[in-house]
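**Student:** build me a model:
(3 chains)
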Amino acid sequence: MRKKLVAACLLACMVFTTTACGSGSDSKAASKSGSDGTGSALFTGELEENVTIQVLENDTAISEGYFQELIDAFNEEYKDKGIQAVDANMDQYLDLANDGPYGYGPDVLYQANDVIMKYAEGKHILPLPVEDLDCYDQIPESAWQAYQTEVDGKTYTCGVPVNVQAPMLYYRKDLLPDDWESTWDKDSDGVPDMTENWSSMYEYSVARHSEDSSKYGYMKSLNDMYFASGFLFSYGGYIFGDNNTDASDIGFAAGEAEKGANVLSQLASAMNEDCIDDTITTNAYSKLADGTYFATISTPDVYSTFLAELEKEYVSEGLSEDDAAAKAKENLVMTSLPQLPESGDLTDGSTEMIDSKSMGGVNGYAISSYTKAPNACLEFVKFATSYEMTKLRAETLGVAPAREDAAEEVGGVSKEIYQNLDNGNIILMPSITEVSQIWTPGQTFFIDLAKDVYRPESEKKYTSLESMKAGLEDMCNQINEAITTLQ
Amino acid sequence: MKNRITYKKSAGNLLDTGITYIILLVVAFIFFFPCLWLILASLSKSGSMYSFDGFFPQSYSLDTFKKLFQDTTMYNYPKWFLNTLFVATGSCILGTFLTILTAYTMSRFQFKARKPMMKATMVLGMFPSFMGMTAVYLLMTQFGLINHLWGLILIYAAGAPMGYLTQKGFFDTIPKAIDEAAKIDGATNFQIFTKINLPLAKPMIVYTALTSFTWPWSDFILPKLLLKEKNLYTVAVGLMSLDETEFARFAAGSVFIALPIVILYFCLVKNMVDSVSAGAVKG
Amino acid sequence: MKSNREKIREFLGNASAPVKLSFLIMGSGHFRYGARGKGLIYLLIEISMIVYLIRRGISDIIGFFTLGTVHADAWAGVEGDNSVVMMLMGIFAWIVVFAFVFLYQQNVRSAYDLQKRVEQGLPVPTLKDDLASLLDRKFYMLVLALPVIGVCIFNVLPIIFMILIAFTNYGGTIVPPELVDWVGFDNFKKLVVLTKFAPTFGKILSWNLLWAVLSTTLNYFAGIGLALLLNKECVRGKAFWRAFPVLAYAIPGFITLLAFKFMFSYGGPINQMIISHGGTAIGFLDLDAKWSARIIGLLVNCWISVPSIMLLATGHLSNRDKSLYEAARIDGAGKFAQFWKLTMPFMIFATTPVLLGQFIGNFNNFGIFYFLRGGLYMDGYFLASDTDLLINWLYNLSIDNNYYCIGAAISLIIFLITSAISLVVYVKSPSYREEDTFQ
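**Tutor:** Okay, here's the model as predicted:
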């Protein structure tokens, strides 16, 4: 009799566990029908008590003090619930897929969308019930898409977009020619032409350099694929086909991408050899500050570094610290990328312009699958993506929020970036693993293109649009080989 | 006649000495210049290597060093430094001990597995080590030694005997006659090793200690793999994690790494060239 | 020489019951013949082995063959199997099993020896005697035990792991939580079939060999030369002069490499000087700079390696037998004769291992071109640049492009080739064959 009872209990347990699993997936399916995304069954809404959650943030947020404010505010709010958020104190570029399964990763992590979505493939991060978050309606569809993945026909959202990263033009107002309003503002809209279109920027770069051979206009290393590929996208190039999901279709040479290569090579000809390796990438901060360069492009999160360098320069010129800070803020401008000539030639004087597209990313929060307290983590994510926190983040770090209301409020560049994302001028990095194989072949091509400008006439490889197209096709082939050959 | 010979000889000597010193000066310059460059760069006031006037900065200040040790919220250099010192000292002691013992044994004892072992270690050294890093990482997760400085010491010390060949070459040149004399006097192999061979091998021990102390200062692959917490970083990992705009700090940090090694060298240099073997054989 | 069969027959005929019982219960033979301590050790070994097998050994070995059956799914809360960990622990279990089999054999053999000793009326060695012999006759066993275990776990085990990875489909999309499978020789077949593969392999291998030979020779002779120079009697303040290379030695290699990369870059001080003297910037390390990059690599590597060789050679020089020199002087040998007849042969003999170590180290020198000139793929090379060594190429394949299994297969092939070459060289070298030359 007793044996039977035990057996019955066991059976009951088994049935219970199987149905529990079943109901879990049922409830997933049920909540799925309501909206696009759906969260893991782990998110029951019951907060775990007395837990410490480790949060991985990026280094700038920590060094600028934003992160401390964030966790202080969170810990204050959740003190009575026994939830505490702490700095995970790990490398900002850590690989969760490598550490998480063995119990060494953070609970909540802030990284770029392509990195986070790599984790989603191995289910190292949890799908989130994003429709429950108050930021859900504020963030554009394209940003959410960057965090979506399809498993067994269902769409899951695995991260919450926080801010948008896209290349921005940095320039110094005080380095504009004195009479720019009469000579460099043809459309008299109060904005200098060289920051509105690349043709004028090229013209000004040549002029500035020929006036004083130690000075340059626009400077940027070509070898950085992240910045250089935007020129290709503007003329019809793309990374992967089918909305960046089909790795068998590589589109760097698609459309009239060679025009973009041509623009790049013309811009390079107004620089010096430093554009071949990453010299400019590292020296831009100090060279923009000392006035050697007039403009460069970089992401919004390094705004504070540019600013600090410029302040230092003004201080060394004899200004007081406060004056220097004010003057630097006044003169350092970060703005959207200039427009490109439709013809793909910066020198032909054509006025038909198209919008510049650029490669970008959306950084956001994700929750590790290996966390012991998923609900508390979700609370943290909710808190950190709230309007106040997003706004504070944007103000402290100068980054562009993905939330519309915060972007509106902060205004300026944040709004511009938000609009660029919204209207498709920012091509988000693909979220599939193959993206890691585009960088080196791409970089090699752009170095070759930059080097070509400084090769003797007889050795030049890229003398016509056709040869540039061929070069781009070569690069696509190389990427394709890297992806497929050994599979 | 005799005078002429000495005269000729000393002229030759003078020329020889002169050339020797010229070469020494050149060599010293070649080795010193990049180091000097790094040292001066770390003292650069602007903090950016591109504002240099040719090779050297335009103005100097000690701010970078101050920053290196005081501004520790993001980059806790003093902590990294202590971590590395701990790991380096640990693996230096353990590693030297194991290496010297292994080398001595392989040089002095005749046993069946000796030659196969010599060949095996030779061949094992040819394997590209980073290919095995995945395995080392997994192994350490299984042993629960991630985020422990001890784990690092363990691996460095365990790997050290693989490089015993150099030390064995040294023991091969210490005459065996001494051992045999001691044996006749009734000493055990253990005593022969500790009382006779070890003192003779001083230069080699110093060399081994120096190399096994230096290795953890420059290795970043293994600590990067095994230490996840920033507070546990070694100097090399920490410096690699510095932001690209922190050049002066990078240079200051690199210069400071060299300090303990140089100090160790000057402490040990006497033992390194002290020759005792010449007297020992005769005595 | 008796054949094995005869030995076994003799053993079965002569061995007493307790010795035969040693097959089942280890150490029982020792107990019977009075070696209690040793018997107890053997018994404990057997018990701990059985405990290990039950607690995880058996499942580890099964896991080694299956490489996991349950697919992990963190979203559904399924913990699942981690194939790579299973493989690693499987290898570990095999090592334990082999070690046990060895001890098991020792147990029977030593029990049988004991029986014979007792039968012949010889004294039975106690545990104390055995321990004492570890300090004397078997000193080498005591000393080598620790290094051998350490090397087995942290060097041999990972190498076996990587070799076995070459026979699986690990890599690409198949990384945990996906389950890895054994695929036999598929990876090697792929390498043979792919036409892109062979030309790159050939080009890189030949450059790699050239690099290893050139840099080894350069470093070796520069290092020894410097040590000899500093050892000259006319040099005053040796410690001072020696400090310069030591300073270079004290700065970690990757920092040196980054510094040199910067010096030779377009915006670096060398190009700044060229430009300020009216020249045009030179791309020492850029895309088109195949040979200048290679030569810079050689020289920078020399800068990094020479100090340690010099230190080592200094140690050796102080160990020379000075009486030989006295004898030579009495015989009227000049300085040159002393140098060529005594110093050089001695140095070459004593430092052959250094030469080999240098060769191995340079052959697998990952850092030099990774730091000086990383991030390029050249035309005519498959996922590699023209300065890349095999180890850099392996890195590109297995880390940058995720082909762990292919990377492992290639490293196995490289490993076979290089180890064959170096083994032949080593076995023929005087420091291996004539270890007693300078006794």
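
**Student:** next one: A:I125, what pLDDT does it get?
**Tutor:** Looking at A:I125, its pLDDT reads 91.

**Student:** ok, it to A:K118 distance?
**Tutor:** Relative to A:K118, A:I125 is positioned 10 Å away (criterion: CB to CB, to the nearest Å). The way it works is simple: take the backbone N, C-alpha and C, and place the C-beta from them, glycine included.

**Student:** who's more crowded, those two?
**Tutor:** Comparing A:I125 with A:K118 by other CB atoms under 10 Å in any protein chain shown, the one with more neighbours is A:I125, at 34 against 21.

**Student:** contact partners for the more buried one?
**Tutor:** Contacts for A:I125 were tallied using CB atoms under 8 Å, 6 or more residues apart in numbering or on different chains; they are A:L96, A:L109, A:I116, A:Y119, A:C158, A:G159, A:A366, A:I367, A:S368, A:S369.

**Student:** go through those and give me the one with the most neighbours.
**Tutor:** A:G159 (34 neighbours).

**Student:** can you list the domains in chain A?
**Tutor:** A:37-165+A:360-430, A:169-358+A:434-484 (automatic domain parsing).

**Student:** so which of those domains comes closest to C:G237?
**Tutor:** If you check each of these against C:G237 by CB to CB, domain A:169-358+A:434-484 wins as the nearest, at 40.4 Å.

**Student:** all strands for the stretch 151-300 of chain C, in order.
**Tutor:** Secondary structure of the stretch 151-300 of chain C (DSSP state E, counting those that start in this stretch): no strands present.

**Student:** same check, this time on the stretch 101-250 of chain A
**Tutor:** With DSSP E, counting those that start in this stretch, the ranges of strands along the stretch 101-250 of chain A come out as A:108-112, A:148-151, A:154-157, A:160-165, A:168-172, A:240, A:246-250.

**Student:** dump those into JSON lines; add mean pLDDT and distance to A:D59 as well.
**Tutor:** As requested, the strands of the stretch 101-250 of chain A are exported to JSON lines (pLDDT from 0 to 100; distance: least, CB to CB, whole Å):
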{"stretch": "strand A:108-112", "mean pLDDT": "92", "distance to A:D59": "11"}
{"stretch": "strand A:148-151", "mean pLDDT": "85", "distance to A:D59": "27"}
{"stretch": "strand A:154-157", "mean pLDDT": "88", "distance to A:D59": "26"}
{"stretch": "strand A:160-165", "mean pLDDT": "90", "distance to A:D59": "14"}
{"stretch": "strand A:168-172", "mean pLDDT": "92", "distance to A:D59": "19"}
{"stretch": "strand A:240", "mean pLDDT": "92", "distance to A:D59": "30"}
{"stretch": "strand A:246-250", "mean pLDDT": "89", "distance to A:D59": "31"}
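
**Student:** any idea which element the spatially most central residue of chain A lies in?
**Tutor:** Centrality entry for chain A: nearest residue to the mean C-alpha point is A:G361, 2.6 Å, by CA atoms, centre = their mean. Assigned by DSSP states H and E, A:G361 belongs to strand A:358-367.

**Student:** helices or strands next to that strand in the packing?
**Tutor:** strand A:108-112, helix A:113-121, strand A:160-165, helix A:225-234, helix A:374-384, helix A:412-422, strand A:426-428 (3 or more CB pairs under 8 Å, 6 or more residues apart in numbering or on different chains; DSSP states H and E).

**Student:** the strands of the stretch 101-250 of chain A into JSON lines, with extra columns for distance to C:G407?
**Tutor:** Below are the strands of the stretch 101-250 of chain A laid out as JSON lines (distance: least, CB to CB, whole Å):
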{"stretch": "strand A:108-112", "distance to C:G407": "26"}
{"stretch": "strand A:148-151", "distance to C:G407": "28"}
{"stretch": "strand A:154-157", "distance to C:G407": "32"}
{"stretch": "strand A:160-165", "distance to C:G407": "32"}
{"stretch": "strand A:168-172", "distance to C:G407": "39"}
{"stretch": "strand A:240", "distance to C:G407": "25"}
{"stretch": "strand A:246-250", "distance to C:G407": "20"}
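
**Student:** B:F193 is nearest to which of those strands?
**Tutor:** Nearest to B:F193 among those is strand A:108-112 (53.6 Å), distances taken as CB to CB.

**Student:** and the gap between the residue nearest to the centre of chain A and chain B?
**Tutor:** For A:G361, the distance to chain B (CB to the nearest CB, to the nearest Å) stands at 18 Å.

**Student:** for that residue, name its beta-bridge partners.
**Tutor:** On the basis of DSSP bridges, A:G361 takes part in beta bridges with A:Q165.

**Student:** residues contacting it?
**Tutor:** Applying CB under 8 Å, 6+ apart, the residues contacting A:G361 are A:A112, A:N113, A:D114, A:A146, A:V164, A:Q165, A:A166, A:L428, A:M429.

**Student:** now the first one: closest residue in space that isn't a chain neighbour?
**Tutor:** Meaning A:A112. A:G361 (4.6 Å; CB to CB, 6 or more residues apart in numbering or on different chains).

**Student:** can you give me the helices in the stretch 1-150 of chain A?
**Tutor:** A:2-34, A:59-63, A:66-77, A:96-99, A:113-121, A:141-145 (DSSP state H, counting those that start in this stretch).

**Student:** out of the ones you listed, which gets the lowest mean score?
**Tutor:** helix A:2-34 (a mean of 37).

**Student:** neighbours around the residue in the stretch 1-150 of chain A that chain C sits nearest to, how many?
**Tutor:** Distance from chain C to each residue of the stretch 1-150 of chain A (CB to the nearest CB) is smallest for A:K123, at 4.6 Å. By other CB under 10 Å, 22 other residues sit near A:K123.
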